[in-house]
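Undergrad: Here is my input, please return the structure:
(2 chains, ligands or ions: 3)
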Amino acid sequence: MGALPGLMTLGASSQLPFARTQMAITLGVHIILVPLGVAWPAITLIADYRAIRKGDADSLRLAQRWSKVMAVTFAVGAVTGTVLSFELGLLWPRLMDRFGAAFGIPFAIEGIFFFTEAIFIAIYIYGWKRLRPWPHFWTGVPIMIAGIGGAVSVVAANSWMNQPGGFTLDKAGKVVDVDPLAVIFNRATPYESLHMIIAAYLVGGFLVASVYAVGILKGRTDRYHRIGFLIPFTVAAIAAPAQMVVGDWAARSVYHDQPVKFAAIEAVPRTSTHVPETLGGIYADGKVTGGIEIPDVASLLSGYSVNTRIKGFETVPARDRPPVTPVHLAWDVMVGLGTALTALSLWFAVVWWRRRRMPNTRWFLRAAALSGAAAIAALESGWVVTEVGRQPWIVSGFLRTEDAVTTVGDLWISLVVVLVLYAALAATAILVLRSMAARWRRAATEGELEEESVPYGPRPEMHEVGR
Amino acid sequence: MTSAEVVAVALFAGVTFYAIFGGADFGGGFWDLVAGGAGRGAKPRALIDASIGPVWEANHVWLIFCLVVLWTAFPGAFGSIMLTLFVPLLLAALGIVLRGSGFAFRRVVLRLTNQRVFGAAFAVSSVVVPYCMGAVAGGIASGRVPRGGTAGDLVDSWVNPTSILGGVLAVATCAYLAAVFLTNDARRSGLPELEGYFRRRAIGAALAAGVVALAGIVVLHDDTKRLYDGLVHRGWPLIGLSALAGAGALVMLVREAYRPARALAVAAVATVVWGWGVGQWPYLLPDSLKINAAAAPSATLTAVIIVTVVAVVVVVPALALLYVLDQRSLLESEEPRP
Ligand code: HDD
Ligand code: HEM
Ligand code: HEM
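TA: Ligands and ions are numbered 1, 2, ... in the order given. Next comes the predicted model:
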C-alpha cells in the first residue's frame, strides 16, 4: 500500500490494546459455549438413559429438546472457535511464528477431538428419528469423551503459555528442538485442564438448571420441569465442591510457579509472611485501598502456615508486573461465587439426604435461577485471573505480548466489526433460544404439534414411535 | 521424502478434503442465494437445508485441521501468510461466523422474515468465504507472500489476477460440486422435480467452472509464470485427468447417472487442487520459502505425523459412518416439503 503506509502499518504499541480487546471478547464469548459442548451432551445422555431404562417420557422429551438446542449452541461454538484459530495468527503472528512449533502441538491434537465431536453430535442430533434407542444412545458417548479430550488439549496450550516448557532455543531465540510430551504435559496442564473441565460441568449444569428453576418459579411445577431441573442441578452440585478442591490446588501451584501472578491475585506489594487475605479493594501505588483484610489467611492458605512467605511485586521491575486490580477483583469474584455455588449445592444435598426431595422454598429456587449466571461469571473471572495475571507476557518469561502483536492492518476497524458482529450474534442467539422455549410451552399448553411448527428441525415424536 | 514433505502432503490432503466437502456445503449456500423468492425458492432451499444440516460441521473441521497443521509444522510460513493476507482471512473468519450461525438459526425460527434474514446471512457468506479462500490461495501461489515473518503488500496480495482467478474458481467449483451432490440427494429423496432443477444447474455450473479453469491457464501464464511452468511441465497429467473427469461427469449428468457423476466431479475438482500443489512444489511460499526450509524441528513434525495417522484411524471411520448413515437417509430430520 504505497499510498497509505502510515495507515496500514501502525506500530505495534498502538495495535496492542485493540488486539487484546478483540482477543478477550472473542474468547469470552466462545468460553460460554464451551460448557454447552463439553458438559451438556453428558447431561443429555443421563436423561436419554433414564428415558430408555425407565421408559420415562418426560426424560425423553427433555433429551430431545436439549439436543435440538445443542444443535444451535454447538454451531455457534464451532464458528466462534474457528474465529479464535484465525485470530491466533491474525492478531499474534509473532507468537505463532516463533513458538508455533511448540505451542501448536496441543492444538493439532485438539483437531482429532473436534472431528469426533462434530461427527457424533451430528449423528446424535439427527439420529432421533431413525436410529434405534440404544445404538442412538451410544452415538452420544463419543461426544462426551471428545469434549473432555478437546478441553484438555486446548487448555494444555494455554497452560503452556503460563508454564512454557519442552523446547530449546538457539542464541537467536529460535526454537530448535521440541519435546512434544513436555509441551503437552507442562507444569500447569494437570490443574488447569481439570479445573476447566469441572468448570464446564458446573456451568453447563447450573445454566440448564436455572432455566427450569425460572419455569418452576413461574408455576410450571409439573414433573417435566422438575426432572429438567434435577438432572443438570445434580451434576452441577457434584462439580461445585470438587471445583473448590481443584481451585485450591491451582492456587497453590500458582503460588509456587507463577509468583508474580500470585502477588497480583492476593495484591501483595512487598514480600512478607503473615500476608492477609484482602477482599475487594483497589490497588495503587503499592497499597490496597478499600478492601477488607482477614489477617494471615493468604499465608495460611498458600503454605498451611501463617509464616508462609509470599513474594511481592518488588521482586520484579515495574514493567514485568500485571495490572493488579482487575486480577485481584476477578479472583475475589471467582472464589466468592464458587463458595456461594458450593453452599447452594450443600443446601440441596442436605435436603435431599434428609427428605428425598429438593428444597421447596422459593428462596432456593430463586438462588438456583441465578446460579447459571453466577457460574458463567466465575468462569469468566477465572480466565481473567489466568490471562491478565500473565501479563505482560504472552509466553511467560519468553515473549512479551507487545512483541507478539501484528504490525499490519487497522485493528480498531476489525475490533469494531467484531464487536458489532458478536453483539448481534449474542442477541440473536438469546432471542432464538427464547422463541424455541416459548414454542415448546405453547405446544404443551395448546396441544399444538411440534413438528408442524418447526419447518426444519428434528421431529421428536417420530422417535417415540420408533421406540 | 523428508518428514517435512510428508507433513506438507498431509496438509494438502486436508486442503483437498476441505475444498471438496466443505466446498460442497458452501456451494449449497450459493444455490440457496440464487433460488429466488420465498415461494419459488422454498423447495430447493429445503433440500439444501436437509442435505447440509447433518454434515457441515464435520466438514468444517478440515479447515481447523489445515490451520493447526500449518501453524505447528510451518510456523514461519503461517506468520507470513497471516500478516500479508490479513484482510481476506479476517473477512473469511467473519464470514464463517455469519454462515454457520445464519444456517443454524434459520432452521429453528418460524417467521418468514426471520428465516429470510438468517438465510441471507448464510447464503451471502457462503459465497464470500470461498472467494476469500480462493483469493488467499492465489496470493500464496503467485508468490506474493514473502518469507521471514514479514508482511507483503496488503492489497496486491489478494487483489491480483491470480487471486481473482482463485476466488472465482473456488466459488464456481463449490457451486458445481453442490449442484451435483444435490441432484443425487434429490433422486434419493424421490423428488424428480428438484432432481431436474439441480441437474440443469449442475450442467451449467460444470460448463462455467470449466471455462474459468481454462481461462485460468491464460491468467497464470501472464501473472504467475512459475506456477504456470510447474503446472504445464509437471502438472500436465493432473490437468489432463481433471479435464477428462470433468467431461465424464458432464456426460454422466446428461445421462442421469448421478453416482458416477458425483465421483467424477470430485475427481475433477481434487485434481485442480492438486495441480496447484504440484505446480508450486517444492515451495511452500513460492519463490522464497521451500517446504524443508520452513519446517519446524523434527520432533514437532513427528508429533504432527502421529496426530495425522491417529486422525486417519479415528476420524475416517467415523466420517464414513456419518456419510453412510446420511446417505441411507437415517439422519434425515425432515423430508423437503412438496
Ligand atoms: C466455574 C467456574 C469456577 C469456579 C467456581 C472456580 N474457578 Fe478457578 N478458574 C476457573 C473457573 C472457576 C477457570 C476455568 O475460568 C480458570 C481459568 C484458567 C483455568 O485453568 O481455570 C480458573 C483459574 C483459576 C486460577 C488460576 C490458574 C492459573 O492461572 O494457572 C486459580 C488459582 C483458581 N482458578 C482458583 C480457584 C479457587 C481457589 C476457587 C474456589 C473457591 C475457584 N478457582 C473456583
Ligand atoms: C485455552 C485457551 C486460551 C488460549 C490459548 C488463550 C490465548 C490468549 C492469547 C494468545 C492472548 C493474547 C496475548 C495476551 O494478552 O497474553 C490472550 C489474552 C486474553 N485472554 Fe486468553 N486464551 C485462552 C482462553 C481464554 C478464555 C477462555 C478467556 C475468557 C474470558 C480468556 C481471556 C483473555 C483475556 C481477558 C485476554 C487479554 C489479556 C490482556 O491483554 O490483558 N482467555 N489469550
Ligand atoms: C478453555 C478454553 C477452550 C475450551 C475448553 C474449548 C473447547 C471447545 C469445545 C468443546 C468446542 C466444540 C464446540 C462447542 O462445543 O461449542 C470448541 C470449538 C472450537 N474451539 Fe474451542 N475451546 C477453548 C478455547 C479455544 C481457543 C483458544 C481456540 C483457538 C485458538 C479454540 C478453537 C476452537 C475451534 C476451532 C472450534 C471449532 C471446532 C469445530 O469446528 O467443531 N477454542 N472449543
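Undergrad: need the residues of the stretch 51-200 of chain B near ligand 2, please.
TA: Within the stretch 51-200 of chain B, no position is near ligand 2 by Cβ under 6 Å from any ligand atom. The way it works is simple: take the backbone N, C-alpha and C, and place the C-beta from them, glycine included.
Undergrad: Point out where the stretch 51-200 of chain B drops to low pLDDT.
TA: The stretch 51-200 of chain B contains residues with pLDDT under 70 at B:149.
Undergrad: Got the phi and psi for the residue lying farthest from the centre of chain B?
TA: Within chain B, the residue lying farthest from the chain centre (Cα atoms, centre = their mean) is B:Arg111, at 31.8 Å. Torsion angles at B:Arg111 (phi, psi; degrees, to the nearest 10) stand at phi -70, psi 140.
Undergrad: number of nearby residues for the residue of the stretch 1-150 of chain B found nearest ligand 1?
TA: Nearest residue of the stretch 1-150 of chain B to ligand 1 (Cβ to the nearest ligand atom) works out as B:Val68 at 21.0 Å. Counted with other Cβ atoms under 10 Å in any protein chain shown, residues neighbouring B:Val68 total 26.
Undergrad: hang on, isn't it packed against A:Phe114?
TA: No: using Cβ atoms under 8 Å, B:Val68 is not in contact with A:Phe114; the gap is 9.6 Å.
Undergrad: picking that back up, could you check how far the residue of the stretch 1-150 of chain B closest to ligand 1 is from ligand 2?
TA: Going from B:Val68 to ligand 2 by Cβ to the nearest ligand atom, to the nearest Å gives 12 Å.
Undergrad: Then B:Gly79?
TA: Distance from B:Gly79 to ligand 2, by Cβ to the nearest ligand atom: 14 Å.
Undergrad: now B:Gly196
TA: For B:Gly196, the distance to ligand 2 - Cβ to the nearest ligand atom - is 49 Å.
Undergrad: for B:Gly29, same thing?
TA: 30 Å.
Undergrad: again, but for B:Arg328
TA: From B:Arg328 to ligand 2 the distance is 38 Å (Cβ to the nearest ligand atom).
Undergrad: before we move on, the earlier item: residues contacting the residue farthest from the centre of chain B?
TA: Neighbour list for B:Arg111: empty [criterion: Cβ atoms under 8 Å, 6 or more residues apart in numbering or on different chains].
Undergrad: Please name the nearest non-neighbouring residue to whichever residue of the stretch 151-300 of chain B sits closest to chain A.
TA: Nearest residue of the stretch 151-300 of chain B to chain A (Cβ to the nearest Cβ) works out as B:Ala296 at 3.5 Å. Of all residues not flanking B:Ala296 in the chain, A:Ala101 sits nearest, at 3.5 Å (Cβ to Cβ, 6 or more residues apart in numbering or on different chains).
Undergrad: can you pull the pLDDT of the residue in the stretch 1-150 of chain A that ligand 1 sits nearest to?
TA: Nearest residue of the stretch 1-150 of chain A to ligand 1 (Cβ to the nearest ligand atom) works out as A:Ile31 at 7.6 Å. pLDDT for A:Ile31: 96.
Undergrad: quick one: the stretch of helix or strand the residue of the stretch 1-150 of chain B closest to ligand 1 belongs to near ligand 3?
TA: If you go by DSSP states H and E, B:Val68 is part of helix B:56-73. Yes: for helix B:56-73 and ligand 3, the contact criterion (Cβ under 6 Å from any ligand atom) is met by B:Glu57, B:His60, B:Val61, B:Ile64.
Undergrad: would you list every one of the strands in the stretch 151-300 of chain B?
TA: B:283-285, B:289-290 (DSSP state E, counting those that start in this stretch).
Undergrad: name the helices or strands packed onto the last one?
TA: In this case it means strand B:289-290. Contact here means 3 or more Cβ pairs under 8 Å, 6 or more residues apart in numbering or on different chains; DSSP states H and E; on that basis strand B:289-290 packs against helix B:75-84, strand B:283-285.
Undergrad: Tell me which residues are up against the last one.
TA: Counting by Cβ under 8 Å, 6+ apart, strand B:283-285 makes contact with B:8, B:74, B:77, B:80-81, B:140, B:143, B:145-147, B:289-291, B:294, all of which sit outside it.
Undergrad: Quick check: A:Val29 vs ligand 2, distance?
TA: Counting by Cβ to the nearest ligand atom - A:Val29 and ligand 2 are separated by 9 Å.
Undergrad: Look up phi and psi at the residue of the stretch 201-350 of chain A found nearest ligand 1.
TA: Residue nearest to ligand 1 within the stretch 201-350 of chain A: A:Gly247 (2.3 Å; Cβ to the nearest ligand atom). Dihedral angles of A:Gly247 (phi, psi; degrees, to the nearest 10) stand at phi -60, psi -40.
Undergrad: Residues of the stretch 201-350 of chain A that sit close to ligand 1?
TA: A:202-203, A:243-244, A:247-248, A:250-251, A:254, A:261, A:334-335, A:337-339, A:341.
Undergrad: and among the strands of the stretch 151-300 of chain B, the most buried is which?
TA: strand B:283-285 (a mean of 25; mean count of other Cβ atoms under 10 Å in any protein chain shown).
Undergrad: could you say what helices and strands the lengthiest helix in chain B packs with?
TA: Using DSSP state H to define each element, chain B has its longest helix at helix B:192-223. Counting by 3+ Cβ pairs under 8 Å, 6+ apart, the packing neighbours recorded for helix B:192-223 are helix B:38-52, helix B:161-188, helix B:225-233, helix B:236-254, helix B:258-280.
Undergrad: And the first one, what's buried?
TA: For helix B:38-52, the neighbour count (16 or more other Cβ atoms under 10 Å in any protein chain shown) marks B:Gly41, B:Ala42, B:Lys43, B:Pro44, B:Arg45, B:Ala46, B:Leu47, B:Ile48, B:Asp49, B:Ala50, B:Ser51, B:Ile52 as buried.
Undergrad: now, among those residues, which is nearest to B:Ile203?
TA: B:Pro44 (15.8 Å; Cβ to Cβ).
Undergrad: related to what we said a few turns ago, ok, the residue nearest to B:Ala296 - how many residues close by?
TA: Around A:Ala101 there are 31 residues (other Cβ under 10 Å).
Undergrad: Secondary structure element for it, which one?
TA: helix A:93-126.
Undergrad: so does that helix get close to ligand 1?
TA: No: using Cβ under 6 Å from any ligand atom, helix A:93-126 stays clear of ligand 1, coming no nearer than 13.8 Å.
Undergrad: Pull the distance from the helix or strand just after that helix to the chain's centre.
TA: Sequence order places helix A:133-162 as the next helix or strand after helix A:93-126, per DSSP H and E. Mean-position distance between helix A:133-162 and its chain equals 14 Å (Cα atoms, centre = their mean, to the nearest Å).
Undergrad: can you check stretch A:197-212 too?
TA: 11 Å.
Undergrad: Wondering if it reaches ligand 3 at all.
TA: No: using Cβ under 6 Å from any ligand atom, stretch A:197-212 stays clear of ligand 3, with a minimum separation of 6.6 Å.
Undergrad: Alpha carbons of that stretch, as PDB, please.
TA: The C-alpha trace of stretch A:197-212 is given here as PDB (Å, rounded to 0.1, in the frame of the first residue of the first chain):
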ATOM      1  CA  ILE A 197     -13.400 -29.500  32.800                       C
ATOM      2  CA  ILE A 198     -15.100 -29.300  36.200                       C
ATOM      3  CA  ALA A 199     -16.000 -25.700  35.400                       C
ATOM      4  CA  ALA A 200     -17.600 -26.900  32.200                       C
ATOM      5  CA  TYR A 201     -19.800 -29.300  34.100                       C
ATOM      6  CA  LEU A 202     -20.500 -26.700  36.800                       C
ATOM      7  CA  VAL A 203     -21.500 -24.000  34.300                       C
ATOM      8  CA  GLY A 204     -23.400 -26.400  32.000                       C
ATOM      9  CA  GLY A 205     -25.300 -27.900  34.900                       C
ATOM     10  CA  PHE A 206     -26.300 -24.700  36.700                       C
ATOM     11  CA  LEU A 207     -27.100 -22.900  33.400                       C
ATOM     12  CA  VAL A 208     -29.600 -25.600  32.200                       C
ATOM     13  CA  ALA A 209     -31.000 -26.000  35.700                       C
ATOM     14  CA  SER A 210     -31.500 -22.200  36.100                       C
ATOM     15  CA  VAL A 211     -33.800 -22.200  33.100                       C
ATOM     16  CA  TYR A 212     -36.100 -24.800  34.700                       C
END
